[in-house]
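A.B. asks: with the sequence up front, the predicted model follows.
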Amino acid sequence: MAFDTKLLQPDEELVLVLRPHWFALAGGVLALAGGVALGVVSLVLLGGTIGTVLNLVAAVVLVVALVYFLGKYIQWVRTYFVITSERLILQRGLIARSGTQMPLEKINTVDFRQSVFERLIGAGDLILESGSEAGVETFSNVRDPMQVQNTLNQTMDRHAVRSRGGVPSATVPEQIAQLADLQARGIISAEEFEAKKNDLLGRM
């Protein structure tokens, strides 16, 4: 199933639509594999009364594992991480739905986090700091979070230009120079200067 574009507002354009990384299914796959393995052992290797009892147990475990896997799969299929020209959307659920929406102008910083294993498989977390009540939002199991970070930053920059009536903003070097001036005048601290400078460099 594809993301329902009817949810978009007039003149709102899709930039990126992602399902969670396949690693989000790992728990369901392991549970199903364990249930199948137990079923094979009980049916092929065991017999008699003990085998019959174990067969029943294995059948119950397999059904539970299958239901658990299907639940995880349906959740994966119906979860979308969406970047549009106006906002970021996280939507979950088929019948009972939940979602998070964040206007691009409310997002202050975009960071990502990956463990060594996540770097190997191309997954990670995206951490957004916003001016909304939520404060910090973390989105887990994002595919290629560094690329998503770059796409989101570029979309935010284009949105900011449109919001100013098409007037381009200062370049990154110009903004860093402005920050250095603010630091020299004592308006911002050295730590604030470094944090904002790194954020700007990450958008290049």
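C.D. replies: Done, it's in.

A.B. asks: where do the helices of this protein begin and end?
C.D. replies: 26-40, 48-77, 116-121, 145-163, 172-184, 190-202 (DSSP state H).

A.B. asks: and the angle from the first one to helix 48-77?
C.D. replies: What that stands for is helix 26-40. 160 degrees (axes from the mean of the first three to the mean of the last three Cα atoms, to 10 degrees).

A.B. asks: buried sites along helix 26-40?
C.D. replies: Within helix 26-40, the residues that qualify as buried are Gly28, Ala31, Leu32, Gly35, Leu38, Gly39, counting by 16 or more other Cβ atoms under 10 Å. Backbone N, C-alpha and C define where each C-beta goes, glycine included.

A.B. asks: nearest to Leu201, of those residues?
C.D. replies: Gly28 (39.3 Å; Cβ to Cβ).

A.B. asks: if we can go back for a sec, in TSV, list the buried residues of helix 26-40 along with pLDDT and distance to Arg119.
C.D. replies: Converted to TSV, the buried residues of helix 26-40 look like this (pLDDT from 0 to 100; distance: Cβ to Cβ, whole Å):
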residue	pLDDT	distance to Arg119
Gly28	88	23
Ala31	88	26
Leu32	87	27
Gly35	83	31
Leu38	78	34
Gly39	75	36
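
A.B. asks: how much space between Glu174 and Ala180?
C.D. replies: 11 Å (Cβ to Cβ, to the nearest Å).

A.B. asks: same question for Ala31.
C.D. replies: Relative to Ala180, and taking Cβ to Cβ, Ala31 is found at 54 Å.

A.B. asks: now do Gln9
C.D. replies: 39 Å.

A.B. asks: these two: who's more crowded?
C.D. replies: For Gln9 versus Ala180, the count of surrounding residues by other Cβ atoms under 10 Å is larger for Ala180: 13 against 9.

A.B. asks: can you put the helices of the chain in CSV and add distance to Leu104?
C.D. replies: Shown next, in CSV, are the helices of the chain (distance: least, Cβ to Cβ, whole Å):
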stretch, distance to Leu104
helix 26-40, 32
helix 48-77, 26
helix 116-121, 26
helix 145-163, 5
helix 172-184, 18
helix 190-202, 15
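
A.B. asks: which one of the ones you listed lies nearest to Thr100?
C.D. replies: helix 145-163 (14.3 Å).
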